[in-house]
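Trainee: Let's see this in three dimensions:
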Amino acid sequence: MSARKRRAPTDAQAATDGGSSVPTRADVSVLETTGSYTEATSLLLDPNRVLLRRVFFLDPDKTRYNPVGYYPSRHYQPLVEIGTPKQHPILLSNHHVTTLARQLTAQVDSLWRDEFYVWDGEFAVHSATPYKTAIFTLGVKQNKKSVFLKLQDLRFLTYIFPIVHKQLAKYTEAMADVMTYVLSAINSITYVPPPLSGNKNILYYQLFEEIKTLM
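Mentor: The predicted structure is shown next:
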């Protein structure tokens, strides 16, 4: 549905309120700005939408994954996802990722020696030593989610995690530019070049194509 059709009820309402049926230039400017903002914030409604997603796999069969991307439903915050097709994934913030980076090596060593390892908190990890499995848990009570990773998957995660952490840092730095670009490009049918000050780590052409796909 075009932005003009969405504004039609607003124009009609103005006429019934005693205003002119012909909008002024100022009215059009306000409506276009409001329409652009409404389109951009509508992306926030679906929590499964992810922009500029980069996926890292933890096993040759690509059944366990570790992507990084922007989540519009969380105000475009970049997050790291850990999950499998059979388990609900958990979403890690920059703080969680930094915590995990400090703990991964110790977790792998403990599982290798069949020793129990645990750290508690909102984001917690403990080991199930008989199965050489690490259990990642995020949240509390009814919002708690857990993901299980075998030792071999966890070991591979330690190899690629510096890359994942670096990608998250780049995305975090560019977060404001991504948000601004979405607002500026949401109503355009042709590619909108980024401003000269735009973060150079963002593939704006890909971002534009993804925006069009989501709408």
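
Trainee: Show me this structure divided up by domain.
Mentor: Domain assignment of the chain by automatic domain parsing yields the ranges 51-171, 174-215.

Trainee: could I get those domains as JSON lines with mean pLDDT and mean neighbour count?
Mentor: Placement of C-beta: from N, CA and C, glycine included. Listed next are the domains of the chain as JSON lines, based on pLDDT from 0 to 100; neighbours: other CB atoms under 10 Å:
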{"stretch": "domain 51-171", "mean pLDDT": "88", "mean neighbour count": "16"}
{"stretch": "domain 174-215", "mean pLDDT": "91", "mean neighbour count": "15"}
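
Trainee: Could you list every helix and strand that the longest helix anywhere in the chain packs against?
Mentor: In the chain, ranked by residue count with DSSP state H as the criterion, the top helix is helix 151-173. In this structure, helix 151-173 packs against strand 68-71, strand 77-84, helix 94-112, strand 133-138, with contacts taken as 3 or more CB pairs under 8 Å, 6 or more residues apart in numbering; DSSP states H and E.

Trainee: Between these, which one is closest to Ser146.
Mentor: When the helices and strands packed on helix 151-173 are ranked by distance to Ser146, counting by CB to CB, first place goes to strand 133-138 at 4.5 Å.

Trainee: which helices and strands does the closest one pack with?
Mentor: strand 87-92, helix 94-112, strand 123-128, strand 145-150, helix 151-173.

Trainee: now these as JSON lines including distance to Thr190?
Mentor: Written out in JSON lines, the entries for the helices and strands packed on strand 133-138 read as follows (distance: least, CB to CB, whole Å):
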{"stretch": "strand 87-92", "distance to Thr190": "33"}
{"stretch": "helix 94-112", "distance to Thr190": "34"}
{"stretch": "strand 123-128", "distance to Thr190": "43"}
{"stretch": "strand 145-150", "distance to Thr190": "41"}
{"stretch": "helix 151-173", "distance to Thr190": "26"}
